[in-house]
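In: Can you look at this prediction? I've put the sequence above it.
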Amino acid sequence: MTKPSEGKLNLLERTLPEGLLVDAGWMTKHGYSTGLRSQYVSAGWLVQPTRGTFKRPLGTLTWQKAVISLQTLLECRLIVGGRTALELQGVPHYLGTEGPTVVYLYGPDTPPGWLFKLPLKERFTFRKSTTHFKADPITKGLKNFAWNVQNDTGAAADEFQAGPFKQIWGESEWPLTISSPERALLELLDELPHSESFQQVDMLVEGLRNLSPRKLQKLLDDCRSVQVKRLFFWFADRHNHSWLKQIDRDKVDLGTGKRMLVKGGRLDPKYLITVPEDLSAPLVAGSTQPRPPELSSG
């Protein structure tokens, strides 16, 4: 006859996929007491990447699997966004990296503290999504875009292509939910000028030729930050992509007053933001600036 602890162990092997991890709260919720968890760790059936977390010994832990664990098993309302989401959708080599060293996460609630202590070479940075968008769909709950890792079911990935999120398939067998290029761009602009440079963002925007004006319009209408919206139009004017002509500027509130972004920079008279001197002039046809790869919304 199977011992209860053996039955629990077999169940754990079915409910905790290799490579993913859970926390003490998940273990308790599923009937694994502190004593039983300690027994599994001592026997080598579980390992602890950091205090309060558990995973099966097989399968390498990566930042992607850590986030997927949060999005699925732990049901945290969290997405990958900003620079990281753009890098995952086609621009890592252009931005001079082989992959993200900083992983930008967005959600209405701060992720658990153990996430920032995991033994990974990448560093997690969290931004509260509700400070960026008034009707942030993340707040509606993870069930809208989560994937059930036990039975490999969930919302179809193509449903996200029409909205603010996308699901991509990375090194693991599970989908990772990230911001669409349109949403990620606005998230990236919010990092100026402290965490991103105008020069890099300018080159990136040059490659964003195939964004969806419908998605951009909706995101701009919902964006809380006057500074981000002014920066968006300033960069968009410089590169004059075709999608810009389809955006109704009159529907976007750009606020009033000046915004000091660059100390010693030049005030742009149209958007009342200070920008670097070397980027103050609009680009013209025949510019010798290197052309980056295109990034499509998909």
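Out: Here it is on my side, so go on. If you're wondering where the values come from, they're calculated on a predicted model, not measured in any experiment.
In: Bridging across strands, which residues link to the nearest residue to residue 277 once chain neighbours are set aside?
Out: Spatial nearest neighbour of residue 277, excluding adjacent residues (CB to CB, 6 or more residues apart in numbering): residue 266 at 5.5 Å. For the C-beta atoms, the positions are set from N, CA and C on the backbone; glycine is no exception. In this entry, residue 266 is beta-bridged to residue 275, by DSSP bridges.
In: Residue numbering should commence at 51 henceforth.
Out: Sure, I'll start numbering at 51, so the last one becomes residue 316.
In: Residue 316 is in contact with residue 324, isn't it?
Out: Yes: Residue 316 lies in contact with residue 324 (CB atoms under 8 Å); the separation is 6.6 Å.
In: Excluding covalently adjacent residues, which one is nearest to residue 87?
Out: Nearest non-adjacent residue to residue 87, counting by CB to CB, 6+ apart: residue 77, 5.5 Å away.
In: In the one helix or strand the one you found maps to, which residues are buried?
Out: Assigned by DSSP states H and E, residue 77 belongs to helix 74-79. For helix 74-79, burial by neighbour count (16 or more other CB atoms under 10 Å) applies to 74, 76-77.
In: and it, what other elements does it pack with?
Out: Applying 3 or more CB pairs under 8 Å, 6 or more residues apart in numbering; DSSP states H and E, we find helix 74-79 packed against helix 84-93, strand 103-105.
In: For the residue nearest to residue 327, list the residues it contacts.
Out: Residues counted as contacts of residue 316 (CB atoms under 8 Å, 6 or more residues apart in numbering) are 324-327, 330.
In: Which PyMOL command selects the buried ones in those residues?
Out: Of these, the buried ones can be selected in PyMOL as follows, counting by 16+ other CB under 10 Å:
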select buried, resi 324+325+326
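In: Specify the beta-bridge partners of the closest residue to residue 177 other than its chain neighbours.
Out: Distances taken as CB to CB, 6+ apart place residue 156 nearest to residue 177, at 5.2 Å, with adjacent residues excluded. Counting by DSSP bridges, residue 156 is bridged to residue 129, residue 177.
In: Tell me which helix or strand comes right after the strand or helix carrying residue 217.
Out: Residue 217 belongs to strand 215-219 when assigned by DSSP H and E. Using DSSP H and E, the helix or strand that follows strand 215-219 in sequence is strand 225-229.
In: Which residue ranges of the stretch 201-348 of the chain form helices?
Out: Along the stretch 201-348 of the chain, the stretches classed as helices by DSSP state H, counting those that start in this stretch are 231-239, 248-256, 263-272, 276-289.
In: The second one packs against which elements?
Out: To tie it back to what came earlier, the one meant is helix 248-256. Partner elements for helix 248-256 (3+ CB pairs under 8 Å, 6+ apart): helix 231-239, helix 276-289.
In: And for the longest one, what's in contact with it?
Out: Going back to what we said before, that points to helix 276-289. For helix 276-289, the surrounding residues in contact (CB under 8 Å, 6+ apart) are 182, 235-236, 239-240, 242, 251-252, 255-256, 258, 270, 273, 294, 297, 299, 302-305, 309, 311, 318, 320-323, 325, 329, 332-333.
In: how does it look with 7 Å?
Out: The contact list for helix 276-289, computed with CB atoms under 7 Å, 6 or more residues apart in numbering, reads 236, 239-240, 242, 251-252, 255-256, 270, 273, 294, 302, 304-305, 309, 318, 321, 323, 325, 332-333.
In: same thing with stretch 101-113?
Out: Residues from elsewhere that reach stretch 101-113 (CB under 7 Å, 6+ apart): 66, 68-74, 77, 87, 94, 96-99, 153, 164, 168, 170, 172, 221.
In: I only care about those that end up buried; give me the PyMOL line for that.
Out: Buried subset of the contacts of stretch 101-113, written as a PyMOL selection, criterion 16+ other CB under 10 Å:
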select buried, resi 66+69+70+71+72+73+74+77+87+96+99+153+164+168+170+172
